[in-house]
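Participant: Could you work out the structure for the sequence below:
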Amino acid sequence: MESISDESPDEDPKRTLVKKIAESESINRSVSVRLFVSLDLVNSTTFKSKTPKWPIVLDRFYTLAESHIVSSPGVDDVDRFRVWKYVGDEVLFYRPVNRLEDIPRSIDLVFEKLNEISREIRSLCKEEGYPVGLLDVKATAWIALIQHQTDIDQLPDQARVVLGFGVKSGSA
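Facilitator: Numbers count the residues shown, from 1 in each chain. Purely as a prediction, here's the structure:
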């Protein structure tokens, strides 16, 4: 499948991203740039097979992930991550990207919090007598240009990824 890009082969990807961010803010309010982060428990399937008390650790992971990523001190509400959804042993977050420098700053914050969460999970396992050294936490981050439109049938084929964040029935 051939991908269609409005970026010329010689164009700097950083400059292209800055351009996309600016376009999404000033020209088209129905499009925005979002940074997504996934925190995931590593080896959770093996861990679950070794202890029937795994729901306690999973619950603690959810609590730690949300409190460390969403409630980070020193981050204002505009730049704050929000929970997108929970998928098994994974928590997905998103935040708007309004400036290019938002991206590395957010990645640094997530990396710091990832290490804190990992230490706390290891500590919990040690304190409670669960298998130690088996669980860890990994993170993945990506950015996406998001089309804000409630009627998917009106979108062109290449823009069929639609995410409704905080949209209530009847509102846009």
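
Participant: so how far is L92 from the residue lying closest to T51 once chain neighbours are set aside?
Facilitator: Excluding the flanking residues, the one nearest T51 by Cβ to Cβ, 6 or more residues apart in numbering is Y130, at 5.3 Å. (Glycine included, C-beta is placed from N, CA and C.) For Y130, the distance to L92 (Cβ to Cβ, to the nearest Å) stands at 25 Å.

Participant: In three-state terms, label L134 for me.
Facilitator: Under DSSP: H, G, I helix; E, B strand; the rest coil, the three-state class of L134 is coil.

Participant: Can you get me a residue count around V18?
Facilitator: 13 (other Cβ atoms under 10 Å).

Participant: May I ask which helix or strand encompasses it?
Facilitator: In the assignment (DSSP states H and E), V18 maps to helix 13-26.

Participant: that older thread, tell me the contacts of the residue nearest to T51?
Facilitator: Neighbouring residues of Y130 by Cβ atoms under 8 Å, 6 or more residues apart in numbering: F47, T51, K53, V57, L124.

Participant: dump the residue contacts of the fourth one.
Facilitator: Shown here is V57, whose contacts under the criterion Cβ under 8 Å, 6+ apart are L41, F47, I121, L124, C125, Y130, L135.

Participant: would you list those residues in CSV and tack on secondary structure?
Facilitator: CSV is the format used below for those (three-state DSSP):
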residue, secondary structure
L41, strand
F47, helix
I121, helix
L124, helix
C125, helix
Y130, coil
L135, coil
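
Participant: And the host helix or strand of F36, what's buried?
Facilitator: In the assignment (DSSP H and E), F36 maps to strand 31-42. By 16 or more other Cβ atoms under 10 Å, the buried positions in strand 31-42 come out as V31, S32, V33, R34, L35, F36, V37, S38, L39, D40, L41.

Participant: Show me what that strand is packed against.
Facilitator: In terms of contacts (3 or more Cβ pairs under 8 Å, 6 or more residues apart in numbering; DSSP states H and E), strand 31-42 is packed against helix 13-26, helix 54-70, strand 90-96, helix 102-128, strand 136-147.
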